[in-house]
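Novice: Here is my input, please return the structure:
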Amino acid sequence: MHAYFNILQVNFPCINQSKKAKKKKYENSGIVHLTSYRSEKQVSFLEFIYGGMQINFTVGIDFTASNGDPRSSSSLHYINPYQPNDYMQAIRAVGAVCQDYDTDKLFPVLGFGAQIPPNMQTSFEFAVNFNHQNPYCAGKFTQIRLYGPTNVAPIIYHVARFAEAAQKEEPTKGAAAYYVLLLLTDGAITDLDDTIAAIIYASRLPMSLIIVGVGDADFTAMNFLDGDNGVLRSNKGDMAVRDIVQFVPFREFKTVSATELARHVLAEVPQQVVRYYQMRQIAPKPRPS
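Specialist: Sure, this is the predicted structure:
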């Protein structure tokens, strides 16, 4: 939020005290002429939340074969009745926080990289419960076959379509809906160029992408996608308009509390929300009385 003010010109002499002490005829080293100033109000993430903005949280899970056979205790998808696996720990930690900003507290859960029924064709965008109309509950892993490759662009575009629809309603609804995709994967992305293009596309929308690296793979490419060290650029020269990616290697936080994990995973989302609406010049709605 900006406000510009024109004022009567005010002059400020620039005084160098050393020169003034040495030269009797010294008056100043120049004059600063103030003709206008800008007042800027900084808004916060909580102002958007208090104004009724909803965080729509979607989970994307890697079901490629590199995770290992879910029936084996060495698999990243193994269901241990006494200890949640890495995927489950990450989802629970982040979901526990995100649900407080979502009225229905229901999260779509999508999978990618598996062969799914009835024809056992490889899919990179499927509801884990096989119900695309209502993808909000746990699925049965026994119905799918872990396969590959690790293509994540389709699932990013899937969520981006909802974010784009929300953006089109902003002229009438204002800051009403923002989308966060939590993407959990165990390995290097195989459609990197397409993923970069998808992220650049999503950077213009009310959307953030959190990538949690599960397991001990080389996640160098993930750090590249996290635009903290520069602007993400596609091989066609397109650039992201803002940073929307946060990458967290789960192995570095396995021993911390769920609260601490969630803090690291969600650290950048509030500022990403604020920057998006500043870019769109949309102010928070008034807090209901």
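Novice: roughly how far is stretch 190-203 from the heart of the chain?
Specialist: From the chain centre to the centre of stretch 190-203 is a distance of 13 Å (Cα atoms, centre = their mean, to the nearest Å).
Novice: What lies in contact with it?
Specialist: Under the criterion Cβ atoms under 8 Å, 6 or more residues apart in numbering, residues 148-153, 156-157, 159-160, 163, 189, 209, 221, 225, 232-236, 238-245 lie in contact with stretch 190-203. Every residue, glycine included, has its C-beta placed from N, CA and C.
Novice: ok, now with 7 Å
Specialist: Residues outside stretch 190-203 that contact it (Cβ atoms under 7 Å, 6 or more residues apart in numbering): 149-153, 156-157, 160, 163, 189, 209, 221, 225, 232, 234-235, 238-242, 244-245.
Novice: So which of those are in strands?
Specialist: 209, 245 (DSSP state E).
Novice: And the buried ones among the contacts of stretch 190-203, selectable in PyMOL?
Specialist: Command for PyMOL that selects the buried part of these, burial taken from 16 or more other Cβ atoms under 10 Å:
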select buried, resi 149+150+151+152+153+156+157+160+163+189+209+221+225+232+234+240+242+244+245
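Novice: Can you verify my assumption that residue 50 contacts residue 289?
Specialist: No. Applying Cβ atoms under 7 Å, one finds residue 50 not in contact with residue 289, separated by 11.2 Å.
Novice: the more surrounded of those two?
Specialist: With neighbours defined as other Cβ atoms under 10 Å, residue 50 and residue 289 compare such that residue 50 has more, 14 against 3.
Novice: show me the contacts for residue 176.
Specialist: Contacts of residue 176 by Cβ under 7 Å, 6+ apart are 52-54, 166, 169.
Novice: for residue 29, that is, sorry about that
Specialist: Contacts of residue 29 (Cβ under 7 Å, 6+ apart): 14, 16, 19.
Novice: same for the longest helix along the chain, what does it pack against?
Specialist: For the chain, the helix with the greatest residue count under DSSP state H is helix 153-168. Using 3 or more Cβ pairs under 7 Å, 6 or more residues apart in numbering; DSSP states H and E, the elements in contact with helix 153-168 are strand 54-62, strand 109-112, strand 177-185, helix 192-202, strand 207-213.
Novice: Show me what the helix or strand following it is in contact with.
Specialist: Going down the chain from helix 153-168, the next helix or strand is helix 170-173, by DSSP states H and E. With Cβ under 7 Å, 6+ apart as the test, helix 170-173 has contacts from 280, 282.
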